[in-house]
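Undergrad: next input, structure requested:
(one chain, ligands or ions: 1)
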Amino acid sequence: MPETRIWGETIRKLWFTETEKFRDHLLRLDRESRRMRFGMLVDDAFVHKYAERTGQFQSVIYGSFAGREMHAAAELRMIGDSWHGDAEAAFSVEREYQDSGVGTELLGKIILAARNRGVDRLYMNCLSENRKMQRIAKKYEADLFFDHGEVVGQLKPSVPTPLSLWSEALDNSNGFVMAVLDFPLLQRFNSAA
Ligand SMILES: CC(C)(COP(=O)(O)OP(=O)(O)OC[C@H]1O[C@@H](n2cnc3c(N)ncnc32)[C@H](O)[C@@H]1OP(=O)(O)O)[C@@H](O)C(=O)NCCC(=O)NCCS
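TA: Have a look, this model is predicted:
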């Protein structure tokens, strides 16, 4: 599937050089959304450390952009030391962009990425009061169950096919073009031209 646009949004994968976009987005989450995202109240120092460590975990991160600003993210992280097993996903949409379908689109991207990496089971943990997250997990037919006061969504991605691999590759190439256009040097060149 080519890049997704919702009301002028572009959804693309983040490059490893763009961790600060992920960090700044997480820092902008309002108190309640941040609590829902991390399952507890966390301070800015926690968010800084969390974003810094994403590189170590080889996470796949998708961002949703309006222009240069990223205001939603989805993270796919392996559990253990290989993608061929379990993986977990987490989502965050800044308050003013919630309820417009971004979270649903992001979950679709994460399922595709998990599928293409041979992930066996994909988990999504959320607080039991998080009805929106449960709603979008249900849209993709995830099984939901309670575990220690949280709701865990579990789904089994299908096996990769040439079409699913091609679909992600196409996303990557479109995302690369958008990332390059967003590169600061190119921005300066464009405004000087
Ligand atoms: C949970 C979250 C990722 C969902 O993203 P989103 O872009 O708001 O979600 P969408 O707009 O794609 O879908 C929301 C769905 O929940 C439904 N919904 C909204 N409020 C609801 C409620 N109180 N109860 C049940 N369903 C609700 C919407 O109607 C929509 O379903 P529909 O498409 O069938 O109408 C986002 O709200 C968010 O970032 N919240 C804070 C962080 C968080 O909770 N992360 C998840 C844990 S990792």
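
Undergrad: contacting residues around the residue nearest the centre of the chain?
TA: By C-alpha atoms, centre = their mean, the chain has its centre lying nearest to A74, at 1.0 Å. If a contact means C-beta atoms under 8 Å, 6 or more residues apart in numbering, then A74 has 61-62, 89-92, 106-107, 109-110 as its contacts. Quick note: C-beta positions are derived from backbone N, CA and C, even for glycine.

Undergrad: if we use 6 Å, what do you get?
TA: For A74, the contact set (C-beta atoms under 6 Å, 6 or more residues apart in numbering) comprises 62, 91, 106, 110.

Undergrad: quick check on it: phi, psi?
TA: Backbone torsions of A74, given as degrees, to the nearest 10, read phi -130, psi 130.

Undergrad: lowest average confidence, helix or strand, in this protein?
TA: Least confident helix or strand, the chain: helix 184-192 with a mean of 51, by mean pLDDT, DSSP states H and E.

Undergrad: could you pull up the contacting residues of G108?
TA: For G108, no residue meets the contact criterion (C-beta under 6 Å, 6+ apart).

Undergrad: next one: the helix or strand harbouring it to chain centre, how far?
TA: Secondary structure from DSSP states H and E places G108 in helix 102-116. Centroid separation for helix 102-116 versus its chain: 8 Å, with C-alpha atoms, centre = their mean, to the nearest Å.

Undergrad: how far away is G103 from A90?
TA: Distance of G103 to A90, given as C-beta to C-beta, to the nearest Å: 11 Å.

Undergrad: so between these two, which is more surrounded?
TA: G103 (23 against 20; other C-beta atoms under 10 Å).
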